[in-house]
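In: sequence-free structure coming up:
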């Protein structure tokens with residue numbers, strides 16, 4: 001089979017080695033960005049005087065015809081196609097003849113694939129940003145619709161203090177907002193063009209790398225040709241970003257799995273995002289969220305996979321780097337599904353305020369009782385200890401804080417008076433925390449305004 005590099009070899013490559021070495025089944029997803037980079041490079045060769053104006057026009061027209069086949073799904077791969085680069089060049093040669101052989105002048109697959117991957121990442125970063133935004137919009141809409149719903153807040157999965165349901169839900173908005181900001185940051189760093197770096201030592205034909213970068217939508221060329229062909233930071237950052245985002249989505253899924261269980265019943269998932277059991281007719285399983293939670297491990301694994309691959313590579317390009325694309329594509333595909341599923345779950349969720357209210361327990365007001373004592377001059381550490389005694393007295397009496405008689409309170413501290421019971425109110429507890437980022441209604445309303453501003457709505 002014909003190869004672009006076979007001149008110094010006398011025999012044929014072992015068939016198994018050929019399949020082992022080839023990457024076209026994976027990197028064919030780069031087809032359109034590969035053509036895009038080749039069009040720009042043909043024009044750069046024209047500006048450098050390597051190609052005539054007529055040759056540039058013929059090559060560009062041929063490449064556009066190849067791209068048309070890719071878009072239409074009519075492109076036919078051949079057994080000789082080692083990777084997407086050779087597939088494009090082979091088809092271009094079939095269309096325009098030997099002139100196609102001039103396109104690779106001064107270019108290596110090393111700088112070519114590095115450019116393709118960055119172009120692909122920039123396209124996908126824009127799409128991922130839109131998907132993230134849709135999930136955030138769903139969170140904002142549901143939070144705004146349930147401003148007055150109170151629920152238990154938890155630490156260590158133990159009841160802690162009362163909060164607003166909307167406050168809990170918005171906590172995930174800000175996680176996703178950081179993810180969106182990280183995505184913008186990594187796209188900015190990825191927007192450097194490796195094309196023109198050659199195999200490792202640069203381009204000998206005087207191509208204008210600044211013009212190349214501008215035409216392809218990069219903010220500039222890479223600064224060092226050796227770094228350019230081996231740098232996979234953009235892929236690693238995308239995988240790291242995906243792993244962090246997957247962790248955030250997993251945490252949201254875990255909470256909703258708990259909240260939708262019969263024991264909690266705080267929310268009910270729409271049937272479109274649940275499944276049944278093959279043996280137990282009554283079951284309604286949160287499989288959508290369990291898969292969201294489970295695939296976080298897949299995303300972390302993709303990052304670990306490439307980190308391990310790249311950690312000991314010598315300069316500059318090594319074939320190990322062919323392993324960068326499978327985890328990248330898998331992470332992007334996985335997140336495309338996860339974000340859509342999470343947005344759908346949130347948009348269709350049934351919030352059950354009565355179950356949340358029923359789960360509020362007097363013990364969650366212990367901190368408010370300590371605050372009551374602090375306002376009467378007791379140091380917080382002392383107040384904390386005294387309220388601990390109150391809690392123990394309640395446990396011994398089998399009653400809540402609001403049912404413990406005043407004389408029992410006063411036996412613990414004379415600071416307690418009749419007005420202590422007014423402090424033992426769930427709504428008052430939440431409203432007392434009217435600080436930026438707090439759960440009071442006005443604070444949550446302010447959060448919502450900031451969230452909408454972050455989304456530009």
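Out: Cool, the structure landed. Bear in mind that the values here come from a model prediction, so they are computed numbers and not experimental data.

In: buried stuff in stretch 327-343?
Out: By neighbour count on 16 or more other C-beta atoms under 10 Å, the buried set for stretch 327-343 is 327-332, 334-335, 338-339, 341-343. Yep, even glycine has a C-beta here, placed from its N, CA and C like the rest.

In: repeat for stretch 391-400
Out: 393-394.

In: do stretch 255-272 as well
Out: 255-260, 264, 266-269.

In: Relative to residue 360, which of the residues you listed is nearest.
Out: residue 266 (11.4 Å; C-beta to C-beta).

In: Just to check, that closest one is in contact with residue 355?
Out: Yes - using C-beta atoms under 8 Å, residue 266 is in contact with residue 355, at 5.4 Å.

In: excluding its backbone neighbours, what's nearest residue 93?
Out: Among residues not flanking residue 93 along the chain, residue 100 sits closest, at 3.9 Å (C-beta to C-beta, 6 or more residues apart in numbering).

In: OK, contacts around that neighbour?
Out: Taking C-beta atoms under 8 Å, 6 or more residues apart in numbering, we find residue 100 in contact with 59, 62, 89, 92-93.

In: Report the separation between it and residue 41.
Out: As for residue 100, its distance to residue 41 is 13 Å (criterion: C-beta to C-beta, to the nearest Å).

In: how far is the lowest-mean-pLDDT helix or strand in the chain from where the chain is centred?
Out: Using mean pLDDT, DSSP states H and E, the weakest-scoring helix or strand in the chain turns out to be helix 15-21, at a mean of 89. Remark: helix 15-21 is offset 35 Å from the chain centroid, using C-alpha atoms, centre = their mean, to the nearest Å.

In: And stretch 224-240, by the same measure?
Out: Centroid displacement of stretch 224-240 relative to its chain, using C-alpha atoms, centre = their mean, is 19 Å.

In: got a list of contacts for the helix or strand that contains residue 289?
Out: Secondary-structure assignment from DSSP states H and E places residue 289 in helix 287-310. Contacts of helix 287-310 with the rest of the structure, by C-beta under 8 Å, 6+ apart, involve 232, 235-236, 239-240, 242-243, 245-247, 249-250, 252-254, 256-257, 260, 269, 273-275, 320-321, 323-324, 327-328, 330-331, 334-335, 338, 341-342, 344-345.

In: could you give the mean pLDDT of it?
Out: If you average the pLDDT over helix 287-310, you get 98.

In: again with stretch 359-367
Out: On average, stretch 359-367 scores 96.

In: If you count neighbours, what's buried in it?
Out: Buried, per 16+ other C-beta under 10 Å, within stretch 359-367: 359-360, 362, 364-367.

In: Strands of this protein, start to end?
Out: Using DSSP state E, the strands of the chain run over 150-155, 158-164, 192-193, 220-221, 267-268, 350-351.

In: And for the closest residue in space to residue 173 that isn't next to it in sequence, the neighbour number?
Out: Excluding its sequence neighbours, the residue lying closest to residue 173 (C-beta to C-beta, 6+ apart) is residue 139, at 4.7 Å. Close neighbours of residue 139, defined as other C-beta atoms under 10 Å, add up to 24.

In: and residue 139, how far is that from residue 253?
Out: Distance, residue 139 to residue 253, by C-beta to C-beta: 13 Å.

In: can you check residue 87 too?
Out: Applying C-beta to C-beta to residue 87 and residue 253 gives a distance of 40 Å.

In: Likewise for residue 136?
Out: Relative to residue 253, residue 136 is positioned 16 Å away (C-beta to C-beta).

In: more neighbours, these two?
Out: residue 136 (27 against 24).

In: Touching, that one and residue 173? I think so.
Out: Yes - between residue 136 and residue 173 there is a contact at 5.5 Å, judged by C-beta under 8 Å.

In: where are the low-confidence patches of the stretch 301-450 of the chain?
Out: In the prediction, the stretch 301-450 of the chain carries no residues with pLDDT under 70.

In: What segments of it are helices?
Out: Assigned by DSSP state H, counting those that start in this stretch, the stretch 301-450 of the chain shows helices spanning 325-348, 353-358, 366-374, 380-397, 406-412, 420-423, 426-431, 441-455.

In: which stretch among the ones you listed comes nearest residue 218?
Out: Closest to residue 218 of the helices of the stretch 301-450 of the chain is helix 325-348 (C-beta to C-beta; 18.4 Å).

In: which other helices and strands contact that closest one?
Out: With contacts defined as 3 or more C-beta pairs under 8 Å, 6 or more residues apart in numbering; DSSP states H and E, helix 325-348 has these neighbours: helix 24-27, helix 109-145, helix 233-259, helix 287-310.
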